[in-house]
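Trainee: For reference, the sequence and a predicted model appear below.
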Amino acid sequence: MKYFKCMKSAIDPKPFLDEIAAVDGAWDMATGRQDKIKVQREALAIPLRGLRKSAIGNRERRDVHESRWTTSSEQYPLARAFLSDFAAEQDSLLGRAKVVCLPAGKRVYPHIDRGEYYRVRNRYHFVLRSAQGSWLKAADEEIRMQEGELWWFDNNQMHEAHNDGDQDRIHMIFDMLPRARAEEVFGKAA
């Protein structure tokens with residue numbers, strides 16, 4: 001496979017799902033994904049890390065490299081620890097991150113993540129729930145990611161997702177910048 005790589009498997013998703021379930025109205029707190037991103041309008045999200053708004057200046061949002069933990073991420077210490085540990089393991093700097101729910105029968109429409117932010121980062125999906133496997137397509141490759149698997153995929157290719165199962169599909173989706181590229185991006189070693 002050219003556009004996908006399974007990085008880890010057999011990670012127990014239950015503690016992460018329990019952490020989400022313990023937060024009342026977790027899926028209702030942030031609706032920007034549904035309201036502002038047309039291709040992702042059918043997905044729900046819990047932002048864990050977002051772009052640093054103070055760094056936007058006159059750049060497009062897709063060109064802002066600086067990110068930070070969201071205030072609400074404090075309610076998800078296991079997710080935060082998982083992301084931080086994996087970033088350290090990969091010698092990378094953690095970028096934006098969210099937990100995304102794609103309800104049964106819904107989809108993320110074909111798109112390419114454009115901009116400087118995405119050009120230099122790696123995108124990962126950690127599958128927390130997907131009874132029949134999560135279908136994802138990038139360019140001409142299709143896969144079914146299974147619960148407990150962590151995948152890298154090339155989001156600079158045209159990609160889409162569809163939940164053809166009968167229950168919500170939940171993924172932790174995040175970006176990482178290889179530390180070797182930090183000076184290129186930030187102008188100094190990180």
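Mentor: Structure received.
Trainee: mind listing the helices in the chain by residue range?
Mentor: Assigned by DSSP state H, the chain shows helices spanning 14-21, 32-36, 77-89, 116-119, 182-186.
Trainee: among the ones you listed, which is the most enclosed?
Mentor: Neighbour counts (mean count of other CB atoms under 10 Å) averaged over each of these peak at helix 116-119, with a mean of 17. Where C-beta positions appear, they are placed from N, C-alpha and C, glycine not excepted.
Trainee: what does it contact?
Mentor: Applying CB atoms under 8 Å, 6 or more residues apart in numbering, the external contacts of helix 116-119 come out as 51, 62, 63, 64, 65, 95, 96, 155, 156, 175.
Trainee: let's go with 7 Å and repeat that
Mentor: With contacts defined as CB atoms under 7 Å, 6 or more residues apart in numbering, helix 116-119 is touched by 62, 63, 64, 65, 155, 156.
Trainee: Take those and write them to TSV, including neighbour count, pLDDT and distance to residue 101.
Mentor: Converted to TSV, the contacts of helix 116-119 look like this (neighbours: other CB atoms under 10 Å; pLDDT from 0 to 100; distance: CB to CB, whole Å):
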residue	neighbour count	pLDDT	distance to residue 101
62	13	87	23
63	16	89	28
64	20	90	25
65	19	91	27
155	21	96	19
156	17	96	24
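Trainee: before we move on, back to that, quick one: which of the helices of the chain is nearest residue 103?
Mentor: Nearest to residue 103, of all those, is helix 32-36, at 11.1 Å by CB to CB.
Trainee: looking at this structure, which helix or strand is least sure?
Mentor: helix 32-36 (a mean of 62; mean pLDDT, DSSP states H and E).
Trainee: and stretch 106-115, C-alpha only, in PDB?
Mentor: Extracted in PDB, the C-alpha atoms of stretch 106-115 (Å, rounded to 0.1, in the frame of the first residue of the first chain):
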ATOM      1  CA  LYS A 106     -23.000   9.200   7.100                       C
ATOM      2  CA  ARG A 107     -19.900  10.100   5.100                       C
ATOM      3  CA  VAL A 108     -17.000  12.500   4.800                       C
ATOM      4  CA  TYR A 109     -17.100  13.600   1.200                       C
ATOM      5  CA  PRO A 110     -14.100  13.500  -1.200                       C
ATOM      6  CA  HIS A 111     -11.500  16.200  -0.500                       C
ATOM      7  CA  ILE A 112      -7.800  17.000  -0.200                       C
ATOM      8  CA  ASP A 113      -6.400  18.700   2.900                       C
ATOM      9  CA  ARG A 114      -4.700  21.600   1.300                       C
ATOM     10  CA  GLY A 115      -2.300  24.200   2.700                       C
END
